[in-house]
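Asks: A predicted structure for the sequence below; I have some questions about it.
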Amino acid sequence: MQTIVFIGSNKSGTSREALFVSTNMGYYTVLLTNRKSFIRQRKEFSEVQQMIYVEDLLDKNIVLSIIQELQQKNKQIEAVISFIDPFVALAAELSQQLGIVQLSTKALSLIENKSLVRKHITELPVSPKHIIYHIDKPIDEALQQLENSFPLVLKSPVSNGSKDVLPVNSVAELMKGLQYLKKRIPNDVILIEEYLDGPQYLIEVMVVNGEISIIAVIEQEILNGARFIVTGYNYPALLNIDESEKLETAVFKIIRHLQLTNGTCHLEMRNVRGEWKLIEINPRMSGGAMNRIIEEGTGINLVKETIKLFLGLKPNLKKTVMNYVYAKYITIHSLGKLIKITGKNRALKHDEVKMVYVKPRKGAILRKPQSMGDRYAYVIAVADSAEKAKKTANKAAAEIKFYLEPL
């Protein structure tokens, strides 16, 4: 039986969509998960034919032994895939070891670590000022290197979804942020970077045999005063010819410098006074609603084409439509226990709204946003202009109300 093994998944978003796509493509779909809640909720994963709990998904030997057991039970492993950090490089390594497909395992592993990426692209003009701070060293020298140029940004080298990414505006905030991250990070280094001021964009990329394809460039809107929480996605980004050409040149240089020749990634970049700077790069396509945004805007199901890449098949990246798409994410401004949510059906009734998704269930504890995981709903609208798509999505999103019991 032709089988695809997925290492890890979230409850929703790109990684969950991949499970549905795999099954719809006719494959026996196996999910290895380290989430006990998924095992308890097994009936909710109807698209998964087999779910296996693995406490440590990064233990290559354990994962390999499970795959070998599947093979012994007449499962023909056609692909090993992950759409979430930090399992992307592991999946690529196992794919190579099993003789399925040759992916850029070294590059994908490198991209999973933000401090290693900074080391490798320091010489490129896209790299911001930064230092890799060892937590057992005095902070004074680091501050001198950065010339006390607040604001700064602190990052865990293995953060994703804006988790453990802290803006700091003074020495006091810096010290507090360092103490916070020291308790949370699994290694002994913290990235300290200059704050880059300018509009931010997400760039989805696929590389096949060294040929780099920019699938989509999407402008991001970031919530004021939060930890870089993106609440709006605008496709296509409205760039002039010069901005677009400079962006393409910068992206190509980064990809080639990191020696990514087979794989996918997404970059987040800011246009700082006409120059492109890299915020971060991740070795997978973006999560959340990204696949639906791209499919509505271009006709490309990027999840499906990524799976084809891991299967050793040729992806089809031809754009068949050209639409303006806006995705509005909803956050809340207080802490509380969810009593009920209203307005989803009203939001769906708005013309040009294509999708409304609400994540939390009754009884969930909701809070002010501290990471991308604290976005609790989104609305996707498609129109014949960027302005109309945004207006429609915002209007529909305003219909959704969260009722909380204060804590």
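Replies: Perfect, I can see it now.
Asks: Return the set of buried residues in stretch 105-114.
Replies: Of the residues in stretch 105-114, those buried under the neighbour-count criterion (16 or more other CB atoms under 10 Å) are 105, 107, 108, 109, 110, 111, 112, 113, 114. The C-beta positions use only the backbone N, C-alpha and C, and glycine is treated the same way.
Asks: what's the closest of those residues to residue 246?
Replies: Here the nearest of these to residue 246, counting by CB to CB, is residue 111; it sits at 22.0 Å.
Asks: And that closest one, how close does it get to residue 362?
Replies: Computed with CB to CB, to the nearest Å, the distance linking residue 111 and residue 362 is 39 Å.
Asks: Which stretches in the chain count as helices?
Replies: Using DSSP state H, the helices assigned to the chain run over residues 14-24, 36-40, 60-72, 88-97, 105-111, 114-121, 139-145, 171-184, 241-257, 290-298, 302-310, 344-348, 386-397.
Asks: okay, those helices in JSON lines with mean pLDDT and distance to residue 4 next?
Replies: Shown next, in JSON lines, are the helices of the chain (pLDDT from 0 to 100; distance: least, CB to CB, whole Å):
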{"stretch": "helix 14-24", "mean pLDDT": "97", "distance to residue 4": "5"}
{"stretch": "helix 36-40", "mean pLDDT": "95", "distance to residue 4": "17"}
{"stretch": "helix 60-72", "mean pLDDT": "96", "distance to residue 4": "11"}
{"stretch": "helix 88-97", "mean pLDDT": "95", "distance to residue 4": "11"}
{"stretch": "helix 105-111", "mean pLDDT": "95", "distance to residue 4": "18"}
{"stretch": "helix 114-121", "mean pLDDT": "91", "distance to residue 4": "28"}
{"stretch": "helix 139-145", "mean pLDDT": "73", "distance to residue 4": "45"}
{"stretch": "helix 171-184", "mean pLDDT": "82", "distance to residue 4": "33"}
{"stretch": "helix 241-257", "mean pLDDT": "97", "distance to residue 4": "26"}
{"stretch": "helix 290-298", "mean pLDDT": "98", "distance to residue 4": "17"}
{"stretch": "helix 302-310", "mean pLDDT": "97", "distance to residue 4": "7"}
{"stretch": "helix 344-348", "mean pLDDT": "96", "distance to residue 4": "32"}
{"stretch": "helix 386-397", "mean pLDDT": "97", "distance to residue 4": "33"}
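Asks: Looking at those helices, which is nearest to residue 2?
Replies: Of the helices of the chain, nearest to residue 2 by CB to CB is helix 14-24, at 10.2 Å.
Asks: tell me the angle of that closest one relative to helix 302-310?
Replies: Inter-element angle recorded for helix 14-24 and helix 302-310: 70 degrees (by axes from the mean of the first three to the mean of the last three CA atoms, to 10 degrees).
Asks: what comes up buried for helix 14-24?
Replies: Buried residues in helix 14-24 (16+ other CB under 10 Å): 14, 15, 16, 17, 18, 19, 21, 22, 23.
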